[in-house]
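Chemist: Build the 3D model from these lines:
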Amino acid sequence: MSNTHKSEINFLVELDENRIPEKLYWTAKDGGVEMEESKAIMLSVWDSKAKESMRIDLWTKDMPVDEMKIFFHQTLVAMSDTFQRATGDEKMSATMKDFCEYFAEKLELTK
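Modeler: Take a look at the predicted model:
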């Protein structure tokens with residue numbers, strides 16, 4: 001019999017009276033994270049039966065736009081890295097990275 005391990009990642013969302021996120025917290029005890037505050041969360045889950053992704057995109061009402069642009073850029077870069085590791089498709093990963101450079105240039109994120 002194999003020993004299985006379960007790990008939880010939790011998100012806590014504090015909403016205002018209009019149900020707009022005011023505070024976001026996340027916990028991943030196995031990673032040493034407990035009730036760490038965040039300004040934005042993007043979560044994608046693959047539904048293999050429906051062959052589609054489900055998403056939760058949340059950000060607090062005080063998330064600065066300039067930080068959101070950086071968050072998107074870093075997320076796109078991470079996705080291109082993950083795509084390469086998951087598929088081994090180096091050519092498309094390089095194309096995605098080219099787009100990330102273009103994205104950063106157009107948003108003036110690079111110095």
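Chemist: just the strands in this protein please.
Modeler: Remark: strands assigned in the chain by DSSP state E are 10-15, 21-28, 33-38, 40-47, 52-59.
Chemist: okay, the ones you listed, which one's buried deepest?
Modeler: Highest mean neighbour count of the strands of the chain: strand 21-28, a mean of 16 (counted as mean count of other Cβ atoms under 10 Å). C-beta here means a position set from N, CA and C on the backbone, and glycine is covered the same way.
Chemist: Other residues contacting it?
Modeler: 7-16, 33-41, 58-62 (Cβ atoms under 8 Å, 6 or more residues apart in numbering).
Chemist: can you check stretch 70-84 too?
Modeler: Here stretch 70-84 has contacts from 39-40, 42, 89-90, 92-93, 96-97, 99-100, 103-104, 107, 109, using Cβ under 8 Å, 6+ apart.
Chemist: give me that answer again for 6 Å
Modeler: The contact list for stretch 70-84 (Cβ atoms under 6 Å, 6 or more residues apart in numbering) reads Ala40, Ser93, Met96, Lys97, Cys100, Phe103, Ala104, Leu109.
Chemist: If you drop the residues flanking it in sequence, what lies closest to the second one?
Modeler: The shortest distance from Ser93 to any residue other than its chain neighbours is 3.6 Å, reached at Gln84 (Cβ to Cβ, 6 or more residues apart in numbering).
Chemist: Sweet, I'm off.
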